[in-house]
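Enquirer: Build me a structure from this.
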Amino acid sequence: MKNNEKLFGTIALYSAYKKGLIDKEPQVVFDIFIKPDEMYQYVNSEDYDSRSINFIENFFENGLDYFDLFHDWKDFTYYANWKDFTYYASSELEDKIEEYLINNFKDAINDLNDLNDDDEYFQDLNLVDKIKELDIDDLTNVIRDSMDRAYESAYYDEVHKSIEKALSDYGEVLQLNYEGASIRVNLLSFKDDIDSTKVLSTAGEVKDELYNLVYEEETISKPRLDLGGHTHIDKSEFVDNFYEICLENNIPIKK
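Expert: Numbering: from 1, shown residues only. You can find the predicted model right below:
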């Protein structure tokens, strides 16, 4: 057996090694690298591709600028409704917004109370209705932009994790960024699919073999990208965005 090792493929050699028939353990773990423009060959993203544009390639090439796709695939009007902001705002932030309204719009508040013949009219409104009644575009724009940024970041994270999950069908994902994906592939995970006579001794050969198993042999299925359900933003990120955008627009609501 030892004199005929070159006649056997990697999987067969490993089996022989485990049986004690050869001394040297053959390499079965390789780190392959898949570039963004190759991702479509290994991950099925057709549910999210648009007009011959590959979703994953564009995602990594353009990063957060590719957020436009979020608007295409999700009802962003619903998500960006500024009136929902109290779900994300901390009680401290709500108190500061209320204080801002009372200190800066006294005349308008008095007019509303007079108009409704009720000195407590404005005070009895909830925060969203107070902002609506005062019709403060600058403030509602800050709220919308804060939600936009938070959703954008959350959507990026959601897509990134979904791509990583799909690629993990091939092995441990060591790196995933705009440069591409580094994946640690253990050939033993595919020992029932790889021809036992095939010699695989480099990462490039392993990468090509995975492609072969998907497209030529069709013994493994290309994992499908699944973005799951709704994107959920981080509440603290919304709050941080709010203060930051207030500062950018000279609105005196500070941490």
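
Enquirer: Would you state the helices of this protein in chain order?
Expert: Under the criterion DSSP state H, the chain contains helices at 10-18, 55-62, 68-73, 76-79, 91-104, 106-115, 121-124, 127-134, 137-167, 203-215, 235-248.

Enquirer: thought residue 48 was touching residue 57?
Expert: No: counting by Cβ atoms under 8 Å, residue 48 sits too far from residue 57 to count as a contact (11.3 Å). For every residue, glycine as well, the C-beta is placed using N, CA and C.

Enquirer: Go through the helices of the chain and name the closest to residue 41.
Expert: helix 203-215 (6.0 Å; Cβ to Cβ).

Enquirer: Pull out the buried positions in that closest one.
Expert: Using 16 or more other Cβ atoms under 10 Å as the test for burial, helix 203-215 gives 203, 205-207, 209-210, 212-214.

Enquirer: out of those residues, who's nearest residue 197?
Expert: Of all these, residue 197 sits closest to residue 209, with 12.6 Å by Cβ to Cβ.

Enquirer: just to revisit the earlier point, show me the one of the helices of the chain that comes nearest residue 188.
Expert: helix 10-18 (7.0 Å).

Enquirer: What is the least confident helix or strand in the chain?
Expert: Lowest by mean pLDDT, DSSP states H and E among the helices and strands of the chain is helix 76-79, with a mean of 45.

Enquirer: hang on, the earlier thing: need the helices of the chain in TSV with distance to residue 185, can you?
Expert: Shown next, in TSV, are those (distance: least, Cβ to Cβ, whole Å):
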stretch	distance to residue 185
helix 10-18	12
helix 55-62	19
helix 68-73	29
helix 76-79	38
helix 91-104	47
helix 106-115	65
helix 121-124	64
helix 127-134	52
helix 137-167	10
helix 203-215	6
helix 235-248	35
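
Enquirer: Number of residues surrounding the closest residue to residue 210 other than its chain neighbours?
Expert: Once flanking residues are discounted, residue 210 sits nearest to residue 170: 6.1 Å by Cβ to Cβ, 6 or more residues apart in numbering. Residue 170: 25 surrounding residues under other Cβ atoms under 10 Å.

Enquirer: distance of residue 170 from residue 218?
Expert: Applying Cβ to Cβ, to the nearest Å, the value for residue 170 to residue 218 is 16 Å.

Enquirer: got it, and residue 16?
Expert: 28 Å.

Enquirer: of these two, who's got more company?
Expert: Neighbours per residue, other Cβ under 10 Å: of residue 16 and residue 218, the larger number sits with residue 16, 17 against 11.

Enquirer: give me the low-pLDDT residue ranges for the stretch 101-250 of the chain?
Expert: Low-confidence segments of the stretch 101-250 of the chain (pLDDT under 70): 229-230.

Enquirer: Skipping adjacent residues, who's closest to residue 175 in space?
Expert: Leaving aside its chain neighbours, residue 175 sits nearest to residue 182 (4.0 Å; criterion: Cβ to Cβ, 6+ apart).
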